[in-house]
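> Predicted model and sequence below, questions to follow.
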Amino acid sequence: MNELIYHFFTDDDFLRISNKIKETEKSTAGEIRVSIKEEIPFLKRKKTIKELAEEEFYRLGMEKTRDKTGVLLFIVLGERKFYILADEGINEKVTPDTWGRIRSLMEDEFRNGRFTQGIIKGVEEIGKVLAQHFPIKPDDTNELSNKVVI
């Protein structure tokens with residue numbers, strides 16, 4: 001189990017990603033999660049990457065953030081696909097091409113075999129967008145775990 005994941009990442013990589021999320025969230029009321037799957041389960045193969053990301057978003061309870069400011073970075077290694085899914089509070093203020101730009105930056109890193117760096121760069125860029133539109137509030141709490149979901 002998780003053999004493919006450990007072909008791409010070490011436990012230290014997951015710690016670095018979690019720490020980057022924690023650091024990034026210090027400047028925003030937004031919440032960022034990273035979920036990495038090895039494969040798409042057989043019964044879900046007909047679903048798009050967006051549909052799978054939406055399922056994961058709800059499975060992780062990301063729609064429950066106070067201001068609808070959750071962003072999920074959903075990755076399926078075996079399919080070489082990923083999706084950036086933002087909650088409605090964010091999408092009211094951020095244009096879809098913002099996510100496309102971040103996606104391109106990440107793809108450049110992934111293409112060069114720098115998977116951890118690609119995710120960290122994605123988290124940093126998502127954080128910049130969130131900080132611009134959803135700055136940290138005095139009563140902000142960390143509503144979602146910063147741990148990478150495997």
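Thanks, I have it.
> Tell me which residues touch the closest residue to Ile119 other than its chain neighbours, please.
Computed as C-beta to C-beta, 6 or more residues apart in numbering, the closest residue to Ile119 that is not its neighbour in sequence is Ile17, at 5.4 Å. In short, each C-beta sits where N, CA and C put it, glycine included. Taking C-beta atoms under 8 Å, 6 or more residues apart in numbering, we find Ile17 in contact with 34, 116, 119-120, 123, 148.
> do that again at 10 Å, thanks
Applying C-beta atoms under 10 Å, 6 or more residues apart in numbering to Ile17 gives the contacts 9, 32, 34, 36, 73, 115-116, 119-120, 122-123, 146-148.
> List just the nearest of these to Leu105.
Closest approach to Leu105 among these (C-beta to C-beta): Gly122, at 7.1 Å.
> In contact with that closest one, which residues?
Contacts for Gly122 (C-beta under 10 Å, 6+ apart) come out as 17, 20, 32, 34, 71, 73, 75, 82, 84, 99, 102-103, 105-107, 109-110.
> Using the three-state scheme, assign the residue nearest to Ile119.
helix (DSSP: H, G, I helix; E, B strand; the rest coil).
> and Asp73, how many neighbours?
Not Asp; residue 73 is Leu. By the measure other C-beta atoms under 10 Å, the count of residues near Leu73 is 25.
> quick one on the thing from earlier: just the ones of the contacts of Ile17 in helices?
115-116, 119-120, 122-123 (DSSP state H).
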